[in-house]
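Trainee: Build me a structure from this.
(4 chains)
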4 protein chains.
Amino acid sequence: MSTKKPLNVAVVGCGFMGRTHSNAFGKVGNFFNLEHRPVMKAVCARSDASVKAFAEQWGYESVETDWRRLVARKDIDLIDIATPNDTHAEIAIAAAQAGKMVMCEKPLGRNAGESVRMVAAVETAKVPNMVWYNYRRVPAVTLAKQILDEGKLGKIFHYRAKFLQDWTISKDLPQGGTGLWRLDVNVAGSGVTGDLLAHCIDTALWLNGGIDKVTAMTETFVKERMHNLTGKVEKVGIDDASAFLARFANGSLATFEATRYARGHKALYTLEINGEHASIFWDLHDLHRLQYFDHKDEGRVRGWRSLHITDGDHPYMKHWWVPGLQIGYEHTFIHQVADFLQAIEKGVPAAPTFRDALATDYVTDAVLQSARSGQWQTVQRAS
Amino acid sequence: MSTKKPLNVAVVGCGFMGRTHSNAFGKVGNFFNLEHRPVMKAVCARSDASVKAFAEQWGYESVETDWRRLVARKDIDLIDIATPNDTHAEIAIAAAQAGKMVMCEKPLGRNAGESVRMVAAVETAKVPNMVWYNYRRVPAVTLAKQILDEGKLGKIFHYRAKFLQDWTISKDLPQGGTGLWRLDVNVAGSGVTGDLLAHCIDTALWLNGGIDKVTAMTETFVKERMHNLTGKVEKVGIDDASAFLARFANGSLATFEATRYARGHKALYTLEINGEHASIFWDLHDLHRLQYFDHKDEGRVRGWRSLHITDGDHPYMKHWWVPGLQIGYEHTFIHQVADFLQAIEKGVPAAPTFRDALATDYVTDAVLQSARSGQWQTVQRAS
Amino acid sequence: MSTKKPLNVAVVGCGFMGRTHSNAFGKVGNFFNLEHRPVMKAVCARSDASVKAFAEQWGYESVETDWRRLVARKDIDLIDIATPNDTHAEIAIAAAQAGKMVMCEKPLGRNAGESVRMVAAVETAKVPNMVWYNYRRVPAVTLAKQILDEGKLGKIFHYRAKFLQDWTISKDLPQGGTGLWRLDVNVAGSGVTGDLLAHCIDTALWLNGGIDKVTAMTETFVKERMHNLTGKVEKVGIDDASAFLARFANGSLATFEATRYARGHKALYTLEINGEHASIFWDLHDLHRLQYFDHKDEGRVRGWRSLHITDGDHPYMKHWWVPGLQIGYEHTFIHQVADFLQAIEKGVPAAPTFRDALATDYVTDAVLQSARSGQWQTVQRAS
Amino acid sequence: MSTKKPLNVAVVGCGFMGRTHSNAFGKVGNFFNLEHRPVMKAVCARSDASVKAFAEQWGYESVETDWRRLVARKDIDLIDIATPNDTHAEIAIAAAQAGKMVMCEKPLGRNAGESVRMVAAVETAKVPNMVWYNYRRVPAVTLAKQILDEGKLGKIFHYRAKFLQDWTISKDLPQGGTGLWRLDVNVAGSGVTGDLLAHCIDTALWLNGGIDKVTAMTETFVKERMHNLTGKVEKVGIDDASAFLARFANGSLATFEATRYARGHKALYTLEINGEHASIFWDLHDLHRLQYFDHKDEGRVRGWRSLHITDGDHPYMKHWWVPGLQIGYEHTFIHQVADFLQAIEKGVPAAPTFRDALATDYVTDAVLQSARSGQWQTVQRAS
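Mentor: From the prediction side, this is the model:
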């Protein structure tokens, strides 16, 4: 009995990201008043039992076990890719060629080479496309973007980002297979560089503009791990830790670091920007806060402000509860769907597009190349 | 095509609490694997236009504009009351008499007198019943309960709670009507005592046992406000601020305070418990954290631990995302529905029951009475 | 070879407070450019060995073992009392009658009765006098006073203070004698009320004006302890915990609490003031910070500011190091001596005077009386 | 009348560091029970008026205006150098050759070349020597060293340090002369690399062992500034910001950064170490705290502990006040003198010796060289 335009969605993948995306498509209409109403038409995964259970849990109307059948279906408007990295390119290109809108989990491809082909596919097909760099839609991060765009920080001197985890310290952890494909270089493309630094870089490019060059180091602390698919101890091909120095086009200097060996941190993505007049700091472990320092405040009472991003005038927050009541991680995906649907209404691109995500891949490729060469690497530009 | 048992839900009220409850009923099945599946059968509100819009936004199958019709419907299993306080008793009693399960927004009645009748109704009808003291289901608070029950704190010396807001400081804010009925004593029953302290008391009774006696003070800072329903400036009957000292049955001492005049705080509900061996502190503005101090730690490295309540072994958290990724306010309601449905499966009461909530009303009544009398008041027990 | 006027100081007592005072007298001249130079003329304590060791360590020119001899000496300008509470009155009155300036550790007397006589003595003798309520001179607290005096907070609604410790939880701790006289009611006068709440009250009266009335509760958790002086298990006469509600003359409401049974807190003196326009919060465990919330800030970037009180325009801080480098506890005593010496230069009283301290004693007496009577008590005014 | 052995101290320089050192020599005897007693024999500075005023304020017995006269005096045991960097080598070498003990403000020389000569001088003369890398003596940092030495962290994966300031952002700030010699490359040797990173590196080498190689970038944001000595606008030769990646000999990876363009930070020196079993974090803006995470804690109650480093079993703290009461910046210098005097008593070197400080200079030289060359640089070892 809805008065909204239906938009038929199919999700490929029913792992962790399949859940975050399904939740986003299912909830967006409760909180955002949009022209379109996502209809959870189909979900696809290789295991018949899993995909059926997932469909029941999330209310999908149908299931598929081969994504090619999904792409061929006429009743699907949007293909959303929530599979491991090694399948992104093939699915996305086929979906675009079939005229579907495409959303893709990050990173876009396993490397810029794959991503270039994906960009070409969606741009040739002229289909709406977006990559799930969801942290742009944390209200505190969006507010940071607003503040920067208003010039409150003035000239930028420093950018600082890190993403720290600790879940792979044990040598007994195997690589490969469900839940552990991120440790298999053939599936993932790289380790923390593509998994974690990619998030840091996407946000940085959005907030602070292009990166000119980088110098990097990476390390694989645990050199061999049992592989779940072969049952054998095999060389670990991914980077466990990755750090780089960078120079942005705007003249600012940056440090970036990601690791899965930082004991005590689960998903500590932090970013800080120091400008001439003001600075900001944000931290994923308290994602509902933004730290803000404004040098224009009167000297005696000048200090870092801890903004509790729960007021109606904060980005996205008028859609949620009342001041003081925080939202969490999953809401970033809901915001991303809302923005995607609004972009469709207006006929404009929804950032980050595939091309935006390619820019991140150029940086991660340069980071990995610098770590191998020991040299500063110039970063290729996506546009 | 679901294999779950349907449980037909009707919500009365489509304001702020109507939204939190609807979200909970709609989302619980995505995250919890339960025997029952809530079906969003009907929503009821006085305004036909509002209730229809609400029904579309939240996916209700039907609407009503008179709760009596809802109570009379055969296809409803559970009546959920999300209306202003002055209607709780009448609706709950009628629903119970009609054999419906009843969930009721807090506080139960406007005073213990109303609540006693409500308890009698659900207990006579032997219907499952629960009150939405949702903060018990913040994972950090539930963890506090576990820790206490395991004896980690030892003998308790101190309990300390406050709930600070600042949204009524302006004298220009009117009272009464939509969104402002909490300032109208006839509708609300009391001010911050029933609205905010009730939350603090419910948690305290759960964590620390019964309260023997209290001494209190209340204040109404703004004595007169324009009334939205009469259009006239009228005396303000509610308490703007309320504080009390208490002695618990277990020998511990407590301070409680609530106000809507604490500039800078939106919904700062904090609680602290000091025991012989350990202490805990929690704060609604960072609800995903619990502060914990354990005196048994080695002296040199002993300190308050900031627990980031996002791990799979924390209460409720295995149902959500991965370590490091926080949930928010709305999830407490989802947890409450999950627990209610599990209690139904098992045929046990789901706390806090109406009787549990009556215990809180006896404390708030004693607080208000002490504030009037200037005397210590003994608190009546609910069971 | 100094060009300063010497001011001959004698300290009575060489325990913890003897050290903090000695440090203050010895160091003030290094950091403050004052007309007077304190000369550490004599120190007095009952034990000859202790006082000689203390004199060598702190550079005192002479020692005494009877404070009466000290009072009789012509070469002493200022008698500073750093002894247990039961000797304050006798020494202070004798010193004043001998025409000495008098500084006295807090609380002034063991009760207001003693304090009244002490006030009379210094006022009759017209000698400069001051009480070591040192926390007024924490730069962050002094800044709070400045901000309040400038009207930045507007009308005050709430005052909230607590002082939490945990050092007497063990039942095996004896009472009485060196280091433990604070547990002996005959020496101390009261427990946490006079020891800890007195600090909270002094600051509160200074920042927020007079208190009209209070309702209180106290508790002695450990009822009997071995007494170090008698060698016998004896009843504990002090209050281990004390809490009260208060109404200030300016219409604001307050909660106060102190205890030595708050596991995890060593000296957690916190205070918060909520005003119409702004709020402040301070905490002794991070004494170099002041939290400040200003509602006049632009909404989106409004938040609690964490002021790092180390800049040259913060109170007292131009005398110390450079921005970012914190001072600590002992500096509050140095500031107090500096202010005392400046007041002498100008011929004005140095707050808190004995009379100011009497105002605090009237509050602590009312608190203890209310705890006994169970009634609200009106607080007597000192002036 | 002291029973201690006098040790005659002469300080060269009466600027900021002259004050911190003088305070340390003057106060150490009040708090530490040592065999030697520093006697403040002489202070030296070029301006006769300044040095006399300084001597009076700090209680020096005599003054000099030429350090060569000081070195020639027979009544001086220890020469302490608190002058700008360009004079360190000459004074230290002369003092050592005259058989004096030598303490020197950091960095040792303006570059490793100068430092090598200084090391040779003190080692040839066999005189006790020490460099004021004072942050090793922050109790929290010393505790970190203890914890590391006990193996609590296990294998180290990551080291992370930064030192952020914001005092040179204004283009109107001149360079050179009193208070601003740190901006004059000829006097300072380098900018933040020698001034701030040197602190970070000294601590890092102490806590985490040797650094093998580095890749770095530096920037001078403001290219020209008025020079106070010439009165002309001149090229700025120092680095305003400096960052580098490093690999330690123990296999851990590191990021280091320092800047004077980080708006909102005054002296934010932070360090973090992530080990296999535990992690630590420390921050100069709250120097009395250490953050500690121990993975061995029970999972549900595992979290970062905020250690309040004020207990008697924390390094140095038994010499100060009581638990809960913090010390500040200046105390690190007092600790350093105490340790130096104790080392003399025992006839052992007092770290960091000149040779220890040379190791830091080798790193800073490699950092500056890498910033110029764009290549990874191998770090020379000092021993």
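Trainee: can we go C-alpha only for contacts and neighbour counts from here?
Mentor: Noted.
Trainee: Can you pull out the low-pLDDT segments for chain A?
Mentor: A:1 (pLDDT under 70).
Trainee: what does it put close to chain D?
Mentor: A:157-158, A:169, A:215-217, A:243-245, A:255, A:261-264, A:274-279, A:293-295, A:303-304, A:374-376 (C-alpha under 8 Å from any C-alpha of the partner chain).
Trainee: Tell me which of those fall in strands.
Mentor: Cross-referencing these against strands under DSSP state E gives A:157-158, A:215-217, A:243-245, A:255, A:274-275, A:278-279, A:293-294, A:304.
Trainee: Tell me which two of those sit farthest apart.
Mentor: The span of those, defined through C-alpha to C-alpha, is set by A:217 and A:294 at 34.2 Å.
Trainee: quick one, which of those two is more surrounded?
Mentor: residue A:217 (26 against 21; other C-alpha atoms under 10 Å in any protein chain shown).
Trainee: Specify the beta-bridge partners of the more buried one.
Mentor: Taking DSSP bridges, one obtains residue A:243 as the residues bridged to residue A:217.
Trainee: by contact count, what packs against the helix ranked longest in chain A?
Mentor: Determined from DSSP state H, the single longest helix within chain A is helix A:354-373. Packing contacts for helix A:354-373, counted by 3 or more C-alpha pairs under 8 Å, 6 or more residues apart in numbering or on different chains; DSSP states H and E, involve helix A:112-125, strand A:129-131, helix A:198-208, strand A:211-219, strand A:377-378.
Trainee: picking that back up, quick check: PyMOL command selecting the buried ones in the ones in strands among the residues of chain A next to chain D.
Mentor: The buried residues among those can be selected in PyMOL (16 or more other C-alpha atoms under 10 Å in any protein chain shown) with this line:
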select buried, chain A and resi 157+158+215+216+217+243+244+245+255+274+275+278+279+293+294+304
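Trainee: any idea which of the ones in strands among the residues of chain A next to chain D is closest to chain C?
Mentor: For these, the residue nearest chain C by C-alpha to the nearest C-alpha is residue A:304; the value is 5.2 Å.
Trainee: Show me where chain A has its helices.
Mentor: Under DSSP H, chain A gives helices at A:16-31, A:48-58, A:67-72, A:88-97, A:112-125, A:139-149, A:185-188, A:192, A:198-208, A:331-346, A:354-373.
Trainee: Tell me which of those helices lies nearest to residue C:336.
Mentor: Across those, closest to residue C:336 is helix A:139-149 (C-alpha to C-alpha), at 43.5 Å.
Trainee: orientation of that closest one relative to helix A:198-208 in degrees?
Mentor: On the basis of axes from the mean of the first three to the mean of the last three C-alpha atoms, to 10 degrees, helix A:139-149 is oriented at 30 degrees to helix A:198-208.
Trainee: got the contact list for helix A:139-149?
Mentor: A:135-136, A:153-154, A:206-207, A:280, A:282, A:287-290, A:309, A:314-317, A:332 (C-alpha atoms under 8 Å, 6 or more residues apart in numbering or on different chains).
Trainee: can you list the domain ranges for chain A.
Mentor: Residue ranges for the domains of chain A, per automatic domain parsing: A:5-134, A:137-378.
Trainee: Those residues of the stretch 151-300 of chain A touching chain B, which are they?
Mentor: So the stretch 151-300 of chain A meets chain B at A:265, A:266, A:267, A:268, A:284, A:285, A:286 (C-alpha under 8 Å from any C-alpha).
Trainee: doesn't residue A:169 make contact with the first one?
Mentor: No: in this structure, residue A:265 is not within contact of residue A:169 by C-alpha atoms under 8 Å, at 11.7 Å.
Trainee: When these two are compared, which one has more neighbours?
Mentor: residue A:265 (24 against 19).
Trainee: For residue D:147, see how far away the more buried one is.
Mentor: 19 Å (C-alpha to C-alpha, to the nearest Å).
Trainee: so who does residue A:272 touch?
Mentor: A:158, A:159, A:160, A:161, A:279, A:280, A:281, A:282.
Trainee: Also residue A:303?
Mentor: Contacts of residue A:303 (C-alpha under 8 Å, 6+ apart): A:293, A:294, C:305, C:306, C:307, C:308, D:264.
Trainee: mind redoing it with 10 Å?
Mentor: Contacts for residue A:303 (C-alpha atoms under 10 Å, 6 or more residues apart in numbering or on different chains) come out as A:291-295, A:297, C:289-292, C:304-309, D:264-265.
Trainee: what is the closest residue to it other than its chain neighbours paired to in the beta sheet?
Mentor: Closest residue to residue A:303 apart from its sequence neighbours, by C-alpha to C-alpha, 6 or more residues apart in numbering or on different chains: residue C:307 at 4.5 Å. Taking DSSP bridges, one finds residue C:290 as the beta-bridge partners of residue C:307.
Trainee: In the stretch 151-300 of chain A, which residue sits nearest chain C?
Mentor: Counting by C-alpha to the nearest C-alpha, the stretch 151-300 of chain A gets nearest chain C through residue A:300, at 6.0 Å.
Trainee: What is the burial count for that residue?
Mentor: 17.
Trainee: what do you get for residue A:366?
Mentor: 22.
Trainee: That one reaches residue A:374, doesn't it?
Mentor: No: counting by C-alpha atoms under 10 Å, residue A:366 sits too far from residue A:374 to count as a contact (11.3 Å).
Trainee: Overlap of the contact sets of these two?
Mentor: A:215, A:216.
Trainee: in the longest helix of chain A, what counts as buried?
Mentor: For helix A:354-373, by 16+ other C-alpha under 10 Å, it's A:354-371.
Trainee: Tell me the residues on the stretch 51-200 of chain A that lie near chain C, please.
Mentor: When proximity is defined as C-alpha under 10 Å from any C-alpha of the partner chain, the stretch 51-200 of chain A approaches chain C at A:143, A:144, A:147.
Trainee: Return the backbone torsion pair for residue A:191.
Mentor: Backbone geometry at residue A:191, expressed as degrees, to the nearest 10, gives phi -90, psi -120.
Trainee: From residue A:111, how far out is it?
Mentor: Counting by C-alpha to C-alpha, the gap from residue A:191 to residue A:111 is 12 Å.
Trainee: swap in residue A:172?
Mentor: 28 Å.
Trainee: Excluding chain neighbours, what is closest to residue A:35?
Mentor: That would be residue A:4: by C-alpha to C-alpha, 6+ apart, it lies 5.6 Å from residue A:35.
Trainee: Now restrict the contacts of helix A:139-149 to buried residues only.
Mentor: A:135-136, A:153, A:207, A:280, A:282, A:287-290, A:309, A:314-317, A:332.
Trainee: quick revisit: mind checking how far the residue nearest to residue A:303 is from residue A:291?
Mentor: From residue C:307 to residue A:291 the distance is 13 Å (C-alpha to C-alpha).
Trainee: Residue A:67 too?
Mentor: 44 Å.
Trainee: Does residue A:252 touch residue A:245 like I think?
Mentor: No: with contacts counted by C-alpha under 10 Å, residue A:252 stays clear of residue A:245, the gap being 11.0 Å.
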